[in-house]
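In: return a 3D structure for these sequence lines:
(one chain, ligands or ions: 2)
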Amino acid sequence: MRDASPQTIYLKDYAPFGFAVQDVHLTFDLAPSATRVTARIRFVPDRAAADRTFFLHGENLSLISAKIDGESVKPTLTDEGLTCDVPDMPFTWEAEVQIDPAGNTALEGLYLSNGMYCTQCEAEGFRKITYYPDRPDVMSTFTVRINGPHGTLLSNGNPVAAGDGWAEWHDPWPKPAYLFALVAGELIAHRDTFTTMEGRKVDLALYVRPGDEGKCAFGMQALKDSMVWDEKVYGRPYDLDVFNIVAVDDFNMGAMENKGLNIFNASAVLASPETSTDGNFERIEAIIAHEYFHNWTGNRITCRDWFQLCLKEGLTVFRDSQFTADMRSAPVKRISDVIDLRARQFPEDQGPLAHPVRPESFQEINNFYTATIYEKGAEVIAMLKTLVGDDAYAKALDLYFERHDGQACTIEDWLKVFEDATGRDLSQFQRWYAQAGTPHVAVSEAFADGTYTLEFTQSTPPSATTPDPAPLVIPIAVGLIAPDGSEAMPTQILELTQASQTFTFPSLNAKPVPSILRGFSAPVVLDHDADHAFLLAHDTDPFNRWEAARSLARTSLMNTILKGTAPDPAWINGIASVMRDDTLDPAYRALMLGLPGQSELAAEIQRAGHIPDPDAIWVAVNTLKQALSDKISDELPAMYAAYQVTAPYAPDAAQSGMRAFGNAILSLITRQDGGDQAQAQYDAADNMTQQLSALANLIRAGRGDAALSQFEAQWKDDRLVMDKWYGLQVMEAKPDDAADTAKALTKHAGFNWKNPNRFRATLGALAAHHAGFHAKDGSGYALLADWLITLDPVNPQTTARMCSAFQTWRRYDAIRQSMISKELDRIASTPDLSRDTTEMITRIREA
Ligand code: TRP
Ligand code: ZN
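Out: Ligands and ions are numbered 1, 2, ... in the order given. Have a look, this model is predicted:
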């Protein structure tokens with residue numbers, strides 16, 4: 001039974017639970033459709049608490065028996081849980097429930113994935129396992145007994161004892177229920193060990209299904225690298241005798257940081273050169289680090305309530321970005337993060353789903369695992385670090401761990417640590433957590449009598465949750481470049497705190513060219529008519545040099561789209577020089593070749609007061625790429641040859657950079673030779689990066705059929721590789737064919753739509769194909785809506801996340817808007833639509 005009008009939960013209504021949980025004992029008798037869970041929980045009334053109602057969450061549970069201090073009781077049951085009269089003194093609650101893992105397609109709680117039992121409890125899945133105060137501020141130690149199949153039986157903490165078909169685990173670190181995990185099945189362990197800086201010997205294991213043993217080595221190395229890094233950079237050692245990771249085929253997100261037992265989407269941990277691209281390797285390394293780093297930022301210090309989600313996610317994303325920057329190239333990582341931020345967070349912040357980094361209300365918390373909470377949350381921490389400086393940041397983090405270890409905290413606690421460590425007043429900075437919307441910063445400049453003046457004006461567009469935004473503290477990294485290209489002033493951090501503010505730079509011989517927002521020092525839209533061609537040639541800040549190329553390309557594309565102008569030679573010549581400059585990192589040069597996303601261009605066109613035409617954008621992008629390819633066509637074959645890796649494959653930054661640049665060149669060559677070089681690369685490829693990139697080029701050149709069949713025959717038994725096969729065909733389709741291609745793939749025998757990876761590979765690729773999704777005939781909209789309606793009763797969480805494809809709908813013309821509106825209505829009026837999807841569609845429609 002579902003609620004007709006879902007309830008809204010408010011941050012301001014927070015009240016502590018009226019009881020402490022002293023300890024938890026769980027016994028699982030595993031059976032696919034009838035698992036029994038017995039919980040023995042010791043509660044202690046909190047006499048200071050205003051509300052001592054004994055309410056335990058519980059969903060989809062069959063209560064077999066309930067006892068308090070050994071006496072049977074009859075609790076009052078609702079759809080959401082139970083209440084019961086309890087003694088006004090410490091007592092033991094015992095309940096036995098029955099659950100149905102085999103029937104659990106939502107992948108939340110205890111479920112079966114290809115015959116393997118596994119759990120996902122964040123955010124509110126533990127209540128589908130047993131009755132419990134399922135809120136992050138209730139922390140306790142857990143002892144778990146698993147009676148199950150032969151094979152591997154895992155839970156959190158340290159192993160206590162095990163026998164044939166049973167195992168016992170004890171987690172000594174008090175934790176909220178969302179960090180509970182259990183895994184049981186036929187698994188193979190890839191083992192290693194690690195000794196912490198405190199001398200603790202830790203047994204590490206990565207558990208996979210038989211057949212995947214060969215894909216474990218890289219993930220294990222990434223784990224050890226993460227452990228070393230967190231000790232070295234944050235002084236944080238690991239705190240249990242074992243650390244286990246399990247790869248699961250059916251998973252709603254990337255991975256989950258359960259204490260001592262991280263559970264991963266197989267796509268986020270399994271890697272081999274033959275089956276994984278360089279991009280996959282880098283993502284896997286980052287996700288393993290992310291989940292490992294949660295052990296301190298999330299687990300040891302957790303969130304008081306789900307409104308504080310960014311406390312752990314923003315900080316942990318920031319930490320994993322630092323890790324990747326250290327392991328690989330810092331500028332390349334920064335540029336990639338900003339590309340991602342603009343592609344995913346900006347549209348969210350500028351549309352109907354805009355919400356503050358710390359929201360003040362929600363209906364379904366699963367809908368708030370967003371780019372804003374994660375990525376903007378990390379940007380806010382980066383700004384804080386920029387403002388206080390590296391040493392003060394380190395001091396504040398030490399104080400955070402010292403003061404709050406073992407607690408469930410708030411953003412106020414986090415900011416107070418920085419105030420206490422630095423003496424700085426952060427009340428205005430706090431607005432970054434409270435206000436939605438992407439701030440715009442406009443710049444004007446003046447030069448007189450050797451003094452250069454920059455005037456900044458900030459404004460944040462109002463949104464549903466932030467109708468009246470106030471000025472923010474915006475750190476703006478600025479450098480000045482002299483007209484001869486030399487440095488007139490090295491990077492300085494300007495602190496913009498007013499709506500409008502002026503900064504002066506005296507004693508300059510000539511009017512400088514400013515390099516503003518170096519390193520993307522704040523997540524804002526910068527309105528500034530800079531001399532991008534000059535900055536592309538001379539900026540010493542690698543981020544801003546890349547940004548200059550991007551801005552030149554954007555302006556060129558906008559002019560083509562809006563005025564029919566030919567591609568800008570300044571971009572073509574500037575990029576050609578960058579490509580020839582062997583002193584530059586190939587990975588960086590590959591990024592320089594990239595163009596703004598087509599959806600990003602649509603947003604830009606709307607900002608400029610026009611209605612974006614997805615087909616015109618698609619044509620303009622291809623025209624610009626063709627112009628570059630034509631201009632340097634003679635040089636391309638030699639350049640391509642110079643960036644072929646001859647050493648045995650390694651997924652390191654140096655080789656990946658070579659391949660990234662080589663493959664960027666290949667796509668320009670394909671525009672000249674119709675795919676001959678791509679076919680040669682395809683035939684010779686001994687790793688997935690080269691194979692997939694060649695395949696993409698062949699499809700684009702209209703001669704992909706043979707390679708696609710070959711690829712399918714070669715990889716039909718590898719689920720993760722076949723996800724690429726599904727996705728690539730949609731991604732590389734011509735706009736008019738994208739929906740048809742996706743539709744045909746959904747009829748393919750291997751299209752197991754209940755598997756989130758396969759669903760996202762196919763329909764997610766359609767949603768990401770700007771011109772294809774927005775095809776004039778509405779076929780993209782209709783196909784996605786059909787499949788969201790199909791998936792919703794099976795997996796609401798994944799359905800709801802994918803509704804965000806429609807969040808930009810107000811940008812487009814009246815006909816497209818009315819087609820989308822019709823689809824949104826069709827989804828909304830589906831009987832028994834989930835709370836997750838209902839909330840998303842309602843928010844998207846209302847703005
Ligand atoms: N906490 C996880 C992370 O950031 C995210 C996550 C994994 C998640 N699975 C989930 C969140 C399911 C909500 C629901 O690493
Ligand atoms: Zn996380």
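
In: what does this protein put close to ligand 1?
Out: Residues of the chain lying close to ligand 1 (C-beta under 6 Å from any ligand atom) are 120, 122-123, 252-253, 255-257, 290-291, 313, 366, 369. From N, CA and C alone the C-beta is placed, and that goes for glycine too.

In: got the residues you listed as a markdown table, with pLDDT and neighbour count columns?
Out: Listed next are these as a markdown table, based on pLDDT from 0 to 100; neighbours: other C-beta atoms under 10 Å:
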| residue | pLDDT | neighbour count |
| --- | --- | --- |
| 120 | 99 | 26 |
| 122 | 98 | 25 |
| 123 | 98 | 20 |
| 252 | 98 | 19 |
| 253 | 98 | 18 |
| 255 | 99 | 23 |
| 256 | 99 | 26 |
| 257 | 99 | 23 |
| 290 | 99 | 26 |
| 291 | 99 | 25 |
| 313 | 99 | 24 |
| 366 | 98 | 25 |
| 369 | 98 | 17 |
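
In: just the mean pLDDT for stretch 457-465, thanks.
Out: Averaged over stretch 457-465, pLDDT sits at 97.

In: circling back to that earlier point, closest one of the residues of the chain next to ligand 1 to residue 593?
Out: Lowest distance from residue 593 to those (C-beta to C-beta) belongs to residue 290, with 28.3 Å.

In: identify the residue nearest the closest one in space, chain neighbours excluded?
Out: Nearest non-adjacent residue to residue 290, counting by C-beta to C-beta, 6 or more residues apart in numbering: residue 320, 4.2 Å away.

In: quick one: that neighbour from residue 409, how far?
Out: Applying C-beta to C-beta, to the nearest Å, the value for residue 320 to residue 409 is 20 Å.

In: which SS class is the nearest residue to residue 620 once chain neighbours are set aside?
Out: Of all residues not flanking residue 620 in the chain, residue 560 sits nearest, at 4.2 Å (C-beta to C-beta, 6+ apart). Here residue 560 is recorded as helix under DSSP: H, G, I helix; E, B strand; the rest coil.

In: any stretches of the stretch 51-200 of the chain with poor pLDDT?
Out: For the stretch 51-200 of the chain, no stretch is flagged by pLDDT under 70.

In: what sits closest to the residue in it that ligand 2 sits nearest to if chain neighbours are left out?
Out: Proximity of the stretch 51-200 of the chain to ligand 2 (C-beta to the ion) peaks at residue 122, 8.9 Å away. Of all residues not flanking residue 122 in the chain, residue 178 sits nearest, at 4.2 Å (C-beta to C-beta, 6+ apart).

In: for residue 111, same thing?
Out: Spatial nearest neighbour of residue 111, excluding adjacent residues (C-beta to C-beta, 6+ apart): residue 104 at 3.8 Å.

In: what's around that neighbour, how many residues?
Out: 21 (other C-beta atoms under 10 Å).

In: what mean pLDDT would you report for stretch 673-682?
Out: pLDDT averaged over stretch 673-682 gives 98.

In: export it to PDB, keeping only CA atoms.
Out: Output of stretch 673-682 as PDB, limited to C-alpha atoms (Å, rounded to 0.1, in the frame of the first residue of the first chain):
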ATOM      1  CA  ASP A 673      39.700   8.500 -44.100                       C
ATOM      2  CA  GLY A 674      36.200   7.300 -43.400                       C
ATOM      3  CA  GLY A 675      37.300   4.800 -40.800                       C
ATOM      4  CA  ASP A 676      40.300   3.000 -42.300                       C
ATOM      5  CA  GLN A 677      42.700   3.800 -39.400                       C
ATOM      6  CA  ALA A 678      39.900   3.000 -36.900                       C
ATOM      7  CA  GLN A 679      39.500  -0.400 -38.600                       C
ATOM      8  CA  ALA A 680      43.200  -1.000 -38.300                       C
ATOM      9  CA  GLN A 681      43.200   0.000 -34.700                       C
ATOM     10  CA  TYR A 682      40.200  -2.200 -34.000                       C
END
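
In: check the offset of that stretch from the chain's centre.
Out: Computed by C-alpha atoms, centre = their mean, to the nearest Å, the chain-centroid distance of stretch 673-682 equals 34 Å.

In: do stretch 783-797 as well
Out: Relative to its chain's centre, stretch 783-797 lies at 21 Å (C-alpha atoms, centre = their mean).

In: for it, buried residues please.
Out: 783-789, 791-793, 795-797 (16 or more other C-beta atoms under 10 Å).

In: show me what residue of the stretch 451-600 of the chain gets nearest to ligand 2.
Out: For the stretch 451-600 of the chain, C-beta to the ion, closest residue to ligand 2: residue 523, 18.7 Å.

In: ok, now which ones touch that residue?
Out: Taking C-beta atoms under 8 Å, 6 or more residues apart in numbering, we find residue 523 in contact with 341, 345, 376, 379, 380, 383, 438.

In: redo that, cut-off 10 Å
Out: 338, 341-342, 345-346, 349, 372, 375-376, 378-380, 382-383, 432, 438-439, 474 (C-beta atoms under 10 Å, 6 or more residues apart in numbering).

In: from those residues, which land in strands?
Out: Within the contacts of residue 523, residues falling in strands by DSSP state E are residue 474.

In: now the farthest one out in this protein, which residue is it?
Out: residue 449 (49.1 Å; C-alpha atoms, centre = their mean).

In: isn't it right next to residue 511, touching?
Out: No - with contact defined as C-beta atoms under 10 Å, residue 449 does not count as touching residue 511 (11.4 Å).

In: now do the end-to-end distance for stretch 447-466.
Out: 37 Å (C-alpha to C-alpha, to the nearest Å).

In: now stretch 224-235: how far from the chain's centre is it?
Out: For stretch 224-235, the distance to the chain centre is 22 Å (C-alpha atoms, centre = their mean).

In: ok, stretch 634-643 next?
Out: Relative to the centre of its chain, stretch 634-643 is centred 35 Å away, using C-alpha atoms, centre = their mean.

In: same question for stretch 728-740.
Out: The chain centre lies 25 Å from the centre of stretch 728-740; the measure is C-alpha atoms, centre = their mean.

In: got the residues of the chain near ligand 2?
Out: 313, 316 (C-beta under 5 Å from the ion).

In: spell out which residues make up each domain of the chain.
Out: Domain assignment for the chain by automatic domain parsing gives 1-96+128-186, 302-434, 440-529, 716-847.

In: out of these, which is closest to residue 582?
Out: Comparison of the domains of the chain against residue 582 by C-beta to C-beta identifies domain 302-434 as nearest, at 16.2 Å.

In: hmm, residue 823 and residue 830 touching each other?
Out: No - between residue 830 and residue 823 there is no contact under C-beta under 10 Å: 11.3 Å.

In: higher neighbour count, those two?
Out: residue 823 (22 against 17).

In: let me know the closest of the buried residues of stretch 783-797 to residue 614.
Out: Distance to residue 614 across the buried residues of stretch 783-797 (C-beta to C-beta) is lowest for residue 784, with 14.9 Å.

In: where's the closest one relative to ligand 1, distance?
Out: Distance of residue 784 to ligand 1, given as C-beta to the nearest ligand atom, to the nearest Å: 22 Å.
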